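S.K.: Need coordinates for the following:
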Amino acid sequence: MNEKVNYYGKMKVLSKWRYVLRNRHEVRNSIRIMNRNRNCFKWGSNETDAHINMKFAICKWLKKNKIEFYTEAIFDENSKHFTFKGFKCPKGLRADIVNADEKIIYEVYQTETKASLEQKAKNYPFEVRFIDANQMFREELIL
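M.R.: Numbering: from 1, shown residues only. I've put the predicted structure just below:
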C-alpha cells in the first residue's frame, strides 16, 4: 500500500514540475533573445532607491525560493507565443520582474496613476501584480 502512495505522490510532483518547465519555456520564448538573463538583478539609472530596493527584495525572495525570474525583461513583439494566442505585444514593452515559474509579472510603481497601471496591465502578456515601492517588502505582496 505504501508503494502506491509513493508512486502517486511522485506523479503529482512530476506533473507539477512539467507545468513549471512549460511555463519557463513559454516565458523565455516571449522575451527578446538578447534580454534573457535568468535570475539576474538589473535596474535602470533613472529608478529611485525605493524602486530598486523593492525590486531587489522581490528578486531575493524569488531566488531564495528557487523560482526562475527575469528583470527588466523586454518582450519580443514578434514572438510565436504571442502570435499563436492572437496577442499583439507593444514594441519595447519592459517588465520590472517576470516570475517564469508561474507566469506572473511584478510591476513596482511609485508615482504612476491608476489609469497608467491599468493600461500597462492590458499590454502585458501574463498576469500582472502591482507593488508599491514605498512600502516594506512582505511575502504577502507577491503571493
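
S.K.: and residue 79, what pLDDT?
M.R.: You'll see residue 79 listed with a pLDDT of 67.

S.K.: Dead centre of the chain: give me the residue that sits there.
M.R.: Most central in the chain under CA atoms, centre = their mean is residue 98, positioned 1.7 Å from the mean C-alpha point.

S.K.: Just to check, it is in contact with residue 24?
M.R.: No: at 10.4 Å, residue 98 and residue 24 do not qualify as touching, with contact defined as CB atoms under 8 Å. In this view, the C-beta of every residue, glycine as well, is placed from N, C-alpha and C.

S.K.: and residue 107, that's in a strand?
M.R.: Yes: under DSSP: H, G, I helix; E, B strand; the rest coil, residue 107 sits within a strand.

S.K.: Which stretches in this protein count as strands?
M.R.: For the chain, applying DSSP state E gives strands covering 69-74, 94-99, 104-109, 127-132.

S.K.: will you turn those strands into JSON lines that also has distance to residue 141 and mean pLDDT?
M.R.: Output for the strands of the chain, formatted as JSON lines (distance: least, CB to CB, whole Å; pLDDT from 0 to 100):
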{"stretch": "strand 69-74", "distance to residue 141": "15", "mean pLDDT": "95"}
{"stretch": "strand 94-99", "distance to residue 141": "12", "mean pLDDT": "95"}
{"stretch": "strand 104-109", "distance to residue 141": "9", "mean pLDDT": "96"}
{"stretch": "strand 127-132", "distance to residue 141": "5", "mean pLDDT": "96"}
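
S.K.: Quick one: closest of these to residue 34.
M.R.: Nearest to residue 34, of all the strands of the chain, is strand 69-74, at 8.4 Å by CB to CB.

S.K.: how about stretch 119-130 as PDB, C-alpha atoms only?
M.R.: Extracted in PDB, the C-alpha atoms of stretch 119-130 (Å, rounded to 0.1, in the frame of the first residue of the first chain):
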ATOM      1  CA  GLN A 119      -3.100  50.400 -19.300                       C
ATOM      2  CA  LYS A 120       0.100  48.600 -18.500                       C
ATOM      3  CA  ALA A 121      -1.800  45.500 -17.300                       C
ATOM      4  CA  LYS A 122      -3.700  45.400 -20.600                       C
ATOM      5  CA  ASN A 123      -0.400  45.300 -22.600                       C
ATOM      6  CA  TYR A 124       1.400  42.600 -20.700                       C
ATOM      7  CA  PRO A 125       1.000  39.000 -21.900                       C
ATOM      8  CA  PHE A 126       0.800  37.500 -18.500                       C
ATOM      9  CA  GLU A 127      -0.900  38.200 -15.100                       C
ATOM     10  CA  VAL A 128       0.400  41.400 -13.600                       C
ATOM     11  CA  ARG A 129       0.700  42.300  -9.900                       C
ATOM     12  CA  PHE A 130       1.400  45.900  -9.000                       C
END
